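Participant: okay, structure incoming, though there's no sequence with it:
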């Protein structure tokens, strides 16, 4: 039996229709149920892509290709060092990392609670982020231009 005859038999068979003019045939219902909507396909593709990015970065961090050993270290002007700079644990980087992770976590919780729309960040959180970055940049400028304050005041 050819496809054309099969489809014609489905159309004329009363058991295969929902009603004479009330709805589509079983063939079109089957096609609608088996094919995902474009938004659902885009959602899953985006989720797979982001999961792949996360997996690659996590793998590279685990194998040591992305080094985190000096993540919180900063350079400071040092007169006693042969190259003029030394390394120290930067308080500005530590507080900036903590504030950024807190803000990202807060935003993620808001998105998970309402995935239909992008949530607005409170002005206080934006001010906290801006202040954190200003402290970090001010500390970095002071360390690179002036060095340690105790050395500058001597």
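Facilitator: Looks like it arrived, so ask away. Not measured: the values here are computed from a predicted model. Numbers count the residues shown, from 1 in each chain.
Participant: any idea which residue sits dead centre in the chain?
Facilitator: The centroid of the chain falls nearest to residue 50 when counting by CA atoms, centre = their mean (7.4 Å).
Participant: identify the residues contacting it.
Facilitator: Applying CB atoms under 8 Å, 6 or more residues apart in numbering, we find residue 50 in contact with no residue. Placement of C-beta: from N, CA and C, glycine included.
Participant: flag every buried residue along the longest helix anywhere in the chain.
Facilitator: Of all segments of type helix in the chain, defined using DSSP state H, the longest is helix 38-63. Using 16 or more other CB atoms under 10 Å as the test for burial, helix 38-63 gives no buried residues.
Participant: which strands and helices lie in contact with the next helix-or-strand element following it?
Facilitator: Remark: after helix 38-63, the chain's next helix or strand is strand 73-77, criterion DSSP states H and E. Applying 3 or more CB pairs under 8 Å, 6 or more residues apart in numbering; DSSP states H and E, one finds that strand 73-77 makes contact with strand 85-89, helix 91-113, helix 123-145.
Participant: wait, which of those is closest to residue 41?
Facilitator: Of all those, the one in closest proximity to residue 41, counting by CB to CB, is helix 91-113 (20.7 Å).
Participant: what's the angle between the closest one and strand 73-77?
Facilitator: On the basis of axes from the mean of the first three to the mean of the last three CA atoms, to 10 degrees, helix 91-113 is oriented at 150 degrees to strand 73-77.
Participant: which residues are contacting helix 91-113?
Facilitator: Defining contact as CB under 8 Å, 6+ apart, one finds that helix 91-113 is touched by 71-74, 118-119, 121, 125, 128-129, 132-133, 135-140.
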